[in-house]
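A.B. asks: Okay, sequence plus prediction incoming.
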Amino acid sequence: MNLILWRHADADNFPDRTSDSAPSDLARELTPRGQKQAEQTAKWLKARLPDDAVVLCSPAARTLQTARALTRDVHVVHDLAPGADVADVLAAAGWPDGIAEAVVVVGHQPTLGRVAALLLSGTEADWTLKKSGVWWMSNRRRGDDAQVVLRAVTNPDLL
């Protein structure tokens, strides 16, 4: 299985909180810079992902906008909302066997960083994924040992 963790691109900050009609955190949308970041990262991913990759995203507007830069076939998973647990992300993706050969999870910090830390070091830690950054991991078996392989780490500044 290939597990691709993709943090949402740059989003608007919270609006002025003096108004009772201020939108919720889930309603925050990408900035023009964020749209460009998402498009750059999506272009990089499209060149590398299999056609049948499954894309999962949080219900937040900014994650849906980020994911739709890659494909219109996006599965919104409420368990991936801001504040999700590492276990929720791994369960949604079906790690380590996978719900598909390649699963892209578009989500939030600090959860995605904690997922990367757990899979790569064996311990949850507050690792940082930059906005619209990607950490691509796969799993394999060597004899009786399960291994996680880091295949790529990138962010829009490098694309």
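C.D. replies: Right, received. Where do you want to start?
A.B. asks: in this structure, which segments are predicted with low confidence?
C.D. replies: Within the chain, the ranges that satisfy pLDDT under 70 run 14-23.
A.B. asks: mind listing the helices for it?
C.D. replies: Using DSSP state H, the helices of the chain run over residues 32-46, 61-68, 86-93, 111-121.
A.B. asks: So which of those has the densest surroundings on average?
C.D. replies: Among the helices of the chain, helix 61-68 has the highest mean neighbour count (mean count of other CB atoms under 10 Å), at a mean of 24. C-betas here are computed from N, CA, C, even on glycine.
A.B. asks: and residue 9, how many residues sit next to it?
C.D. replies: Neighbour count for residue 9, taken as other CB atoms under 10 Å: 28.
A.B. asks: possible to save the helices of the chain as JSON lines with distance to residue 154?
C.D. replies: Below are those laid out as JSON lines (distance: least, CB to CB, whole Å):
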{"stretch": "helix 32-46", "distance to residue 154": "7"}
{"stretch": "helix 61-68", "distance to residue 154": "15"}
{"stretch": "helix 86-93", "distance to residue 154": "19"}
{"stretch": "helix 111-121", "distance to residue 154": "13"}
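A.B. asks: nearest to residue 9, of the ones you listed?
C.D. replies: helix 32-46 (3.7 Å; CB to CB).
A.B. asks: so what does that closest one touch, helix or strand wise?
C.D. replies: On a contact count with 3 or more CB pairs under 8 Å, 6 or more residues apart in numbering; DSSP states H and E, helix 32-46 meets strand 2-7, helix 61-68, strand 134-142.
A.B. asks: With residue 50 as the reference, name the closest of those.
C.D. replies: Among those, the nearest to residue 50 by CB to CB is strand 2-7 (8.2 Å).
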